[in-house]
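In: Starting from these lines, generate the structure:
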Amino acid sequence: MNVIPPLTITDARLISSTVSEPDAGSPSTEQVYSASATYALGAIAINTTTHLKYESLVAGNTGNALTDETKWFLLGATNKGAMFDFLRSTATESPTSLTVVIAPGERINSLALLGLVGSSVTVSMDSALGSPSTNYYYHTEDLTTREAFDWYSYFFKPFAVKHNVVLFDLPPYAATYITITIAGNNVECAACVLGSYTYIGQVLNDAVSDVLNFSTVTRDFAGGTNAMVQRRNVPKTNQTLLLDKTRVNAVRALRDELNATPAVWVGIDVDTDGYFEALLILGFYKQFSINLSMPEQAVITLELEEI
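Out: Numbering: from 1, shown residues only. A predicted model of the protein is given here:
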């Protein structure tokens, strides 16, 4: 299993995005917050520093800070910032192709693009913007896929979208610009995670993919179904890993670093494997125990929960 602790994408690192802020395509009109402006009940104001948006809870809302929870309700990340917000399950959306340019400013070797909707994704790593420039890395991937189990499904099953792309082979150059383009119409990206991965062990054969089901079912006195309210399933996994003892201290340090911190956990790093999606989690650990009973290898028990 490889783990990618996320690099925080600050304004200094996010060089450009084709998604505007305020979002021109939003169904409700967004305004950049100003302490001198007056906001109506239900008006949407955004903070372009934190890339968060708020809804006014009162009419005639003037001079009240966005942090005043009696006057403002935090809706979450702006559309531009949603793909870099790992604390909420929201996505950046664009009616046409989406392109972002990021300057990490430090060495990274991994990139995860999760919750994708589009026709293809392209990742380019260059020494500079424009010309002259040296290209260090280029990867393009078709997101159109179809799971064919027999000849009938090969010819007649509808095409689907590959929602997740994880790359572990970016060259670790610090002074680079990374351009990510998701092509298509009505594209989405739920998470864009850059970082340097850490190997924490080989997943053994007893891994389990599960969910936390937040739907509710109401039954009558005879056990019949009165009402069903469908809510989100939150993915979770349980797995046991085998790790060489020489790596234990590095993994213990990672465990401390990721305390209540989301990361990308990739149980199988080959995306053609049937278990790749089931063991891919952007989330946090609930259990991370390291059993040292064997002389040369540690056994890690890991429980993960998606954000």
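In: Where does pLDDT dip in this structure?
Out: Within the chain, the stretches with pLDDT under 70 are 25-27, 146-149, 151-159.
In: Check it and tell me which residue is nearest its centre.
Out: Central residue of the chain (Cα atoms, centre = their mean): residue 191, 2.7 Å from the mean position.
In: As a check, name the ranges of all helices in the stretch 151-300 of the chain.
Out: Along the stretch 151-300 of the chain, counting by DSSP state H, counting those that start in this stretch, helices occupy 151-156, 248-257.
In: The helix or strand hosting residue 305: partners in the sheet, and parallel or antiparallel?
Out: When elements are assigned from DSSP states H and E, residue 305 belongs to strand 297-306. Strands that pair with strand 297-306, judged by DSSP bridges, come out as strand 233-244 (antiparallel), strand 280-291 (antiparallel).
In: what's the neighbour count on the closest residue to residue 225 other than its chain neighbours?
Out: The shortest distance from residue 225 to any non-neighbouring residue, by Cβ to Cβ, 6 or more residues apart in numbering, is to residue 219 (5.9 Å). No exception for glycine: its C-beta is placed from N, CA and C like everyone else's. The local packing of residue 219 (other Cβ atoms under 10 Å) involves 11 other residues.
In: can you pull the contacts of the closest residue in space to residue 29 that isn't next to it in sequence?
Out: Spatial nearest neighbour of residue 29, excluding adjacent residues (Cβ to Cβ, 6+ apart): residue 44 at 6.8 Å. Residue 44 makes contact with 26, 28, 29, 30, 31, 53, 54, 55, 56, 75, according to Cβ atoms under 8 Å, 6 or more residues apart in numbering.
In: do the same with residue 59
Out: Residues near residue 59 by Cβ under 8 Å, 6+ apart: 40, 41.
In: Kindly provide the distance from it to residue 166.
Out: 47 Å (Cβ to Cβ, to the nearest Å).
In: Residues touching the strand holding residue 305, excluding its own?
Out: With contact meaning Cβ under 8 Å, 6+ apart, strand 297-306 is reached by 1, 89, 200-201, 212, 234-245, 248, 251, 265, 281-293.
In: buried stuff in it?
Out: Buried residues in strand 297-306, defined by neighbour count with 16 or more other Cβ atoms under 10 Å: 297, 298, 299, 300, 302, 303, 304, 305, 306.
In: Could you count how many residues lie near the nearest residue to the fourth one once chain neighbours are set aside?
Out: Looking back up the chat, that one is residue 300. Leaving aside its chain neighbours, residue 300 sits nearest to residue 241 (4.1 Å; criterion: Cβ to Cβ, 6+ apart). Residues near residue 241, counting by other Cβ under 10 Å, number 21.
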